[in-house]
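S.K.: Pasting the sequence and the predicted model now:
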Amino acid sequence: MFFKKRQDATDISALVECVANFFGMPQQTVNGWFMQDGGQLSLNLPFACASRHQALRDALNNLDGGDKVQIRQNVAFGGDAKRGHRGIRNLLAVASGKGGVGKSTTTVNLALALRREGARVGILDADIYGPSIPLMLGNADMQPQSSDNRHMQPLQAHGLVANSIGYLVPADDAAVWRGPMASKALQQLLNETLWPQLDYLLIDMPPGTGDIQLTLAQQIPVCGALVVTTPQNIALADAQKAIAMFNKVNVPVLGVLENMSYHQCEQCGHKEFLFAQGGGEQISQQNAVPLLGHIPLDIHIREYTDAGKALIVEKPDSPISQAYAQAARALAMQLYQSGLNCVQAIDIG
Ligand SMILES: Nc1ncnc2c1ncn2[C@@H]1O[C@H](COP(=O)(O)OP(=O)(O)OP(=O)(O)O)[C@@H](O)[C@H]1O
C-alpha cells in the first residue's frame, strides 16, 4: 500500500489522543501511525497487539470520524533498520543468568503468544549445549530440508518457524563443542536458515553469562534482550549478571519476566509464593527496566510445553495463556519503543 499524504494533524488530534491513551504512548509518536490514502484514514500499529484491535476499535468508534479509521498492524523494524536481518524485522535475545528458570519454556510460549497477536514469528535455538526447543515444539524427530546442501528450510510447528542444533546433531555431540565451534554453529544456524519474512525472531540463548554468552550477544545483531528470572535471590543475582552483560555490549535490555512467580491452588484459589515474592520488581527497579509480567508455576505449563503442545493455541482464554499474551504485548511495545532510541549495530561476520 502506498500512502500518498498524511492527514493534517489538527484533523486527527482527538483520534491521536485516544490511541496514545489506549497504549500509554506519547501523542507525538502515535501521530506518525496515522496515514491518509485517498479518502481512507488508516492507523498502522507498529507492534504485535491483534487481541487489542477490537477494544481500540470500540474506543475510536466513540469519536467523530473514528469509525472510518482502518486499523492495520505492520510491525516496525527494531533498532537500526539496517539491522533487519534478511527480512527479519526484530531479533530478540531471551536470556537468563541461571539455568532451569524456564527460559526455553518462556521463549516458546511468548513466540506462540506473539503469533496469536498477529505476528510472523520464528525461534532460533541458540542453547547449543542443551537445545530443548525441538522437544517443546513437538517435532524433535524432524530435520531441516536442504536443496543445495548449504541452506536449510526451518521447521514449522503451531504456526511458528524454528531452527535448532537439536534438529541437526545428536545432543551428546554438541554438548562437548568448545566455544568457537558452538559460536560458529550458531552463526550458521542464523545465516544459513532460509527464514521467511518475520516480524520477530526469538533467540533462546544458552543459560549463563560466560564468554560464550558474551560472544553470542555481540555476534548476533539483536535489537534487544529479555531476561527471564525466578523470584528468589540466587536466581536474581544471576539475572543481574545477564543484565550487566547486555549493558556491556550495548544491547538494550527490554525488560525482565518473572517466571514461577507463585502457585495458585486450583481448589481454593490461594496463591503461594514458593520462590519468594517481589524479586522481579526488585531487579527491574534496580536496573530501571520494565517488569513485563509474572508467569505462575503451573502444572499445565510443564505438561503442555514439555509434551510439545501449545497451551496458548489450545486454551487461549485460560489465565496462563492470558498472562503470556499480556507479557508478549508488553514485550512487543517495549521493543518498538526501544527502537525509537536505536543503538548502533554490531553486525554478524
Ligand atoms: N511457569 C512454569 N510452570 C511450571 N513448569 C515450568 C514453568 N516454567 C518452566 N517450567 C518447567 O521447568 C523445566 C525447565 O524449563 P526450561 O527448560 O524452559 O528452563 P531453561 O531455563 O530453558 O533451562 P536451561 O537453562 O537448561 O536451558 C521444564 O520442565 C519446564 O516445563
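M.R.: Done, it's in.

S.K.: does Ser42 have beta-bridge partners, and which?
M.R.: Met35, Gln70 (DSSP bridges).

S.K.: Settle this for me: it is touching Ile12, isn't it.
M.R.: No: with contact defined as CB atoms under 8 Å, Ser42 does not reach Ile12; the gap is 11.2 Å. For glycine as for every other residue, the C-beta is placed from the backbone atoms N, C-alpha and C.

S.K.: neighbour count winner among these two?
M.R.: Between Ser42 and Ile12, counting by other CB atoms under 10 Å, Ile12 is the more crowded of the two (23 against 18).

S.K.: Give me the common contacts of Ser42 and Ile12.
M.R.: Phe34 (CB atoms under 8 Å, 6 or more residues apart in numbering).

S.K.: Restricting to C-alpha, output stretch 251-258 in CSV.
M.R.: In CSV, the C-alpha atoms belonging to stretch 251-258 read as follows (Å, rounded to 0.1, in the frame of the first residue of the first chain):
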residue,chain,number,x,y,z
VAL,A,251,22.2,-4.4,23.7
PRO,A,252,19.2,-2.8,25.3
VAL,A,253,17.5,-4.8,28.0
LEU,A,254,13.8,-4.6,27.1
GLY,A,255,12.6,-6.0,30.4
VAL,A,256,12.5,-8.7,33.0
LEU,A,257,9.9,-11.5,33.0
GLU,A,258,9.4,-13.3,36.3
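
S.K.: Going by neighbour count, which residues in it are buried?
M.R.: Val251, Pro252, Val253, Leu254, Gly255, Val256, Leu257, Glu258 (16 or more other CB atoms under 10 Å).

S.K.: Among those, name the ones in strands.
M.R.: Val253, Leu254, Gly255, Val256, Leu257, Glu258 (DSSP state E).

S.K.: Can you name the residues of the stretch 1-150 of the chain that neighbour the ligand?
M.R.: Ser96, Gly99, Gly100, Val101, Gly102, Lys103, Ser104, Thr105, Asp127, Gly130, Ser132 (CB under 6 Å from any ligand atom).

S.K.: all helices for the stretch 1-150 of the chain, in order.
M.R.: 13-23, 27-31, 53-61, 103-116, 133-136 (DSSP state H, counting those that start in this stretch).

S.K.: ok and the residue in the stretch 101-250 of the chain nearest the ligand?
M.R.: Across the stretch 101-250 of the chain, no residue is closer to the ligand than Gly102, which sits at 3.0 Å (CB to the nearest ligand atom).

S.K.: so how many other residues sit close to Asn21?
M.R.: For Asn21, the neighbour count with other CB under 10 Å is 12.

S.K.: Check what pLDDT it gets.
M.R.: Reported pLDDT at Asn21 in the predicted model: 97.

S.K.: Need the worst-confidence member of the buried residues of stretch 251-258.
M.R.: Taken together, those show their lowest pLDDT at Val251, with 90.

S.K.: thought that residue was touching Ala217?
M.R.: Yes: the pair Val251 / Ala217 is scored as a contact, 5.7 Å apart, by CB under 8 Å.

S.K.: Show me the shaky parts of the stretch 151-300 of the chain.
M.R.: For the stretch 151-300 of the chain, residues meeting the criterion pLDDT under 70 lie at 171, 174-177.

S.K.: Please name the residues that touch Cys49.
M.R.: Counting by CB under 8 Å, 6+ apart, Cys49 has contacts Phe23, Gln73, Glu117, Gly118, Arg329, Ala332, Met333.

S.K.: and stretch 260-277, how far apart are its ends?
M.R.: 10 Å (CA to CA, to the nearest Å).

S.K.: And that stretch, what's buried?
M.R.: Within stretch 260-277, the residues that qualify as buried by neighbour count (16+ other CB under 10 Å) are Met260, Ser261, Tyr262, His263, Gln264, Phe275, Ala276, Gln277.

S.K.: Nearest to Ala185 among the residues you listed?
M.R.: Within these, the smallest distance to Ala185 is 30.1 Å, found for Met260 (CB to CB).

S.K.: Kindly tell me how buried the residue lying closest to the closest one once chain neighbours are set aside is, as a neighbour count.
M.R.: Counting by CB to CB, 6 or more residues apart in numbering, Met260 lies nearest to Leu297, which is 4.1 Å off, once chain neighbours are set aside. Leu297: 18 surrounding residues under other CB under 10 Å.
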